[in-house]
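Q: here you go, sequence then predicted model.
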Amino acid sequence: MCSPIPHYLTRILDAVKDEDEGDVADYIPALAETDPARLGLAVCTTTGRCYAVGDSDPFSLQSISKPFTYALALDEWGFDAVSAAVGVEPSGDAFNELSLEEDGRPMNPMINAGAIAINQLINGAGSSVEERIDKIVTFFSRLAGRALRVNKDIAGSELDTADRNFALAHMLHSFGIVEDDPHDAVVTYVHQCAVEVTVVDLAVMAATLASGGIQPVTGERVIGRDAARIALSVMATAGMYDFAGRWMTQVGIPAKSGVSGGLIGTLPGRLGIASFSPRLDPTGTSVRGRKAFATMSKQFDLHLLTGTNYRVPGVRSIVERDGQTIITLQGWVNFTVAEEISSTLLRYTPTPSRVVLDVSRVTGFNTIGRQVVKEQLRRIREEGATVSLYDPEDRITDMEYSDGTHMDEVDEL
């Protein structure tokens, strides 16, 4: 028996796969060679369950590295010290603009100027380039739960065309924000951006922020709670650059994009989401990734500010009685809760058996929550179990499965 979650993720990819607008980033020669047809999507819950569909090959982090390095700096130095170098206000400008406060600080750590300044805080002023890169890569590897590496070809290609970043570093050096050699500042920043990941790695990394800094698969605390909260807050306001306001209004998921085509989103306490598709819009964001997130937000009811965005454990109890398994649900069943219910049904449902799903304590289902639960019940039935529903308040109004058959009901338990 398998989970239906990949099926729903595949539907999202199918909805955007024919989108052919945008172009791959060609100002970095190594990225210009990327196959524009690549497309992948992954989700990781804060309880460590991961699902992925589509492209699973690695690609470079690019600007998606910024919130994570910011969190590392916050843990190393604290908010006050980090804020002395970089602000937290949205700039409203593109990622490579020189957007500075009156005192010379970059507006936030998500733009290139701010990310270069943050990078120079890691391991302290005076750290060698090699030691700083090693610390960042080790940290990223702990976030992903596996050893990551820098793609040297991408790093070299990016350095060959990094005149604008060199200019930013020299300007920051003139304000005293970057204390190290400006050239070294760009070298370490470029290597940070050239670390390779997969969509699953990114979903796990995003879920680590969503869980308050605890890596959901390994259980290790990788980021301090305050650092995770602050990094996530700045992602929400500035992670999408001059598209941030429209993104938060339309999609409502704190996010960060990268010019390689990656995109991450975090829902606190719930999910980390990642997509990869290298065709970019004028803001440097993946075209198909942006549409995939917008579709997920709408169909899965994931907007952060939706009134039903709370979460309680969806499974109240599992009782074996008189040769049947009675599974009692509770609360509001949205996508995150339905995924939990699906996982519980996979773990605890004996086969063959009689399974009764009790939804009398459920306050309601949104569309995707109802679909996931029904589909998991159908799959349990296909494995040989007899599946019935106890629903005295008619919480599930559509009793038809996706294959056209219907659920049975029981009158009492």
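A: Perfect, I can see it now. Computed from a prediction, not measured in an experiment: that's the story for all the values here.
Q: only C-alpha atoms for contact and neighbour calcs from this point on.
A: Noted.
Q: what pairs with the helix-or-strand element of the chain with minimal mean pLDDT, parallel or antiparallel?
A: Ranked by mean pLDDT, DSSP states H and E, the weakest helix or strand in the chain is strand 408-409, scoring a mean of 80. Strand 408-409 sits in its sheet next to strand 386-390 (parallel), going by DSSP bridges.
Q: show me the contact partners of the strand it pairs with.
A: Outside strand 386-390, the residues within contact range by CA atoms under 8 Å, 6 or more residues apart in numbering are 352-360, 377, 380-381, 407-413.
Q: just for the stretch 201-350 of the chain, where's the confidence low?
A: Filtered on pLDDT under 70, the stretch 201-350 of the chain yields the residue ranges 307-312, 349-350.
Q: in it, which spans are strands?
A: Counting by DSSP state E, counting those that start in this stretch, the stretch 201-350 of the chain has strands at residues 255-257, 262-267, 271-276, 315-321, 324-333.
Q: so for Ala185, which of those strands sits nearest?
A: strand 255-257 (21.7 Å; CA to CA).
Q: what about the closest one, distance to the chain center?
A: Counting by CA atoms, centre = their mean, to the nearest Å, strand 255-257 is centred 8 Å from the centre of its parent chain.
Q: could we number from 58 for the rest of this?
A: I'll keep to 58 as the first residue from here, and by that count the last item is strand 312-314.
Q: buried set for that strand?
A: Going by neighbour count (16 or more other CA atoms under 10 Å), the buried part of strand 312-314 is 312-314.
Q: packing partners of that strand?
A: Judged by 3 or more CA pairs under 8 Å, 6 or more residues apart in numbering; DSSP states H and E, strand 312-314 is in contact with helix 282-295, strand 319-324.
Q: keep only those of the contacts of strand 443-447 that are in strands.
A: Counted as lying in strands by DSSP state E, out of those, are 411-417, 465-466.
Q: biggest separation within those residues, which pair?
A: The span of these, defined through CA to CA, is set by Arg411 and Ser417 at 18.3 Å.
Q: tell me the contacts of the closest residue to Gln356 other than its chain neighbours?
A: Counting by CA to CA, 6 or more residues apart in numbering, Gln356 lies nearest to Ile425, which is 6.6 Å off, once chain neighbours are set aside. Shown in contact with Ile425 (CA under 8 Å, 6+ apart): 356-358, 391-392.
Q: and what of Thr126?
A: Residues near Thr126 by CA under 8 Å, 6+ apart: 175-176, 193.
Q: just the ones in helices from the contacts of Ile425, please.
A: Among the contacts of Ile425, the members falling in helices (DSSP state H) are 356, 392.
Q: let me have the contacts of Ile425 in a markdown table, extended by distance to Met262.
A: Converted to a markdown table, the contacts of Ile425 look like this (distance: CA to CA, whole Å):
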| residue | distance to Met262 |
| --- | --- |
| Gln356 | 24 |
| Phe357 | 21 |
| Asp358 | 22 |
| Asn391 | 23 |
| Phe392 | 20 |
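Q: could the contacts of Ile425 be laid out in CSV, adding neighbour count and distance to Gly181?
A: Shown next, in CSV, are those (neighbours: other CA atoms under 10 Å; distance: CA to CA, whole Å):
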residue, neighbour count, distance to Gly181
Gln356, 16, 45
Phe357, 18, 43
Asp358, 21, 43
Asn391, 26, 44
Phe392, 25, 43
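Q: before we move on, back to that, nearest to His248 among the buried residues of strand 312-314?
A: His248 lies nearest to Ser314 out of the buried residues of strand 312-314, by CA to CA, at 17.2 Å.
Q: what's the burial count for the closest residue to the closest one other than its chain neighbours?
A: Leaving aside its chain neighbours, Ser314 sits nearest to Leu320 (4.4 Å; criterion: CA to CA, 6+ apart). Leu320 has 29 neighbours, counted by other CA atoms under 10 Å.
Q: got the contact list for Leu320?
A: If you count contacts by CA under 8 Å, 6+ apart, Leu320 has them with 121, 312-314, 331-333, 342-343, 346-347.
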